[in-house]
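1. what follows is a predicted structure for the sequence shown.
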Amino acid sequence: MHAVQPPASAPVPCCSEEEVVLLVHGFYARVRHDPLLGPVFDRHVHDWDAHLAHLVDFWSAMLRGTRRFSGAPMPRHMALPGLNPALFERWLQLFARTTAESGNPAMQAEADARATLIARRFWQRYQVEGHDVLAGTLRNPGHHGEHP
Ligand code: HEM
């Protein structure tokens with residue numbers, strides 16, 4: 001008997017599931033200790049084990065094409081108060097630092113590209129219908145400096 005082989009056309013994922021787990025856990029360990037991002041997550045994430053498992057599913061879908069993730073990232077982020085360009089920049093910086101340490105250049109490139117694209121979409125939409133717009137408290141929309 002031969003083991004069942006995936007179809008020849010199946011794309012080869014850039015990374016293993018173990019690498020996704022390491023990426024997600026490493027990244028959120030940084031996030032939790034970060035003076036800018038840490039407090040935001042402290043306020044909104046109450047079950048870190050569940051959050052990490054959820055985000056492993058998300059990145060596994062992004063990078064490996066798995067189908068376990070079910071969630072609503074856009075509305076979740078639109079509902080967060082106080083998002084601004086500095087937070088997104090820091091998020092991307094810590095993410096890039098973590099992917100750079102993965103030792104897997106293909107995963108690094110794919111993950112960084114996805115993250116940058118998604119962050120841009122989140123911020124663009126946030127300026128139109130994010131929590132702070134609806135609350136009338138968004139300051140300096142579109143500003144990309146240190147003090148949004
Ligand atoms: C300023 C930058 C960001 C901050 C402060 C932030 C913060 C958060 C917080 C607090 C949650 C939990 C929300 C909740 O459970 O109600 C969350 C969930 C999540 N975040 Fe972010 N995030 C940021 C950027 C990003 C980016 C760039 C991505 C993807 C590339 C991302 C992916 C996700 C996903 C997939 C979830 C789970 C959504 C769901 O439950 O469906 N986040 N984020």
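-> Now that the structure is in, tell me what you want to look at.
2. quick one: buried residues of stretch 99-112?
-> Buried residues in stretch 99-112, counting neighbours by 16 or more other Cβ atoms under 10 Å, are found at 99, 102, 104, 107, 108, 110, 111, 112. (Each C-beta comes from the backbone N, C-alpha and C, glycine too.)
3. that stretch and the ligand in contact?
-> No. Stretch 99-112 lies out of reach of the ligand by Cβ under 6 Å from any ligand atom, never closer than 8.7 Å.
4. what residue is smack in the middle of the protein?
-> The centre of the chain sits closest to residue 115, judged by Cα atoms, centre = their mean, with a distance of 5.8 Å.
5. most proximal residue of the chain with respect to the ligand?
-> residue 71 (2.3 Å; Cβ to the nearest ligand atom).
6. is the ligand contacted by stretch 42-52?
-> Yes. Residues of stretch 42-52 contacting the ligand under Cβ under 6 Å from any ligand atom: 44, 45.
7. show the end-to-end separation of that stretch, please.
-> 14 Å (Cα to Cα, to the nearest Å).
8. what ranges do the strands span in the protein?
-> For the chain, applying DSSP state E gives no strands.
9. do you know how far the nearest residue to residue 90 once chain neighbours are set aside is from residue 87?
-> Using Cβ to Cβ, 6 or more residues apart in numbering and skipping the chain neighbours, the partner closest in space to residue 90 is residue 36 (4.9 Å). The gap separating residue 36 from residue 87 is 6 Å, by Cβ to Cβ, to the nearest Å.
10. if you count what's nearby, which of those two comes out ahead?
-> Set residue 36 next to residue 87 and count neighbours by other Cβ atoms under 10 Å: residue 87 wins out with 18 against 15.
11. any figure for the gap between that one and residue 120?
-> According to Cβ to Cβ, residue 87 stands 13 Å off from residue 120.
12. I'd like the buried residues of stretch 99-112 as TSV, with pLDDT appended.
-> Output for the buried residues of stretch 99-112, formatted as TSV (pLDDT from 0 to 100):
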residue	pLDDT
99	98
102	97
104	98
107	98
108	98
110	98
111	98
112	98
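13. that's all I had, so thanks and see you.
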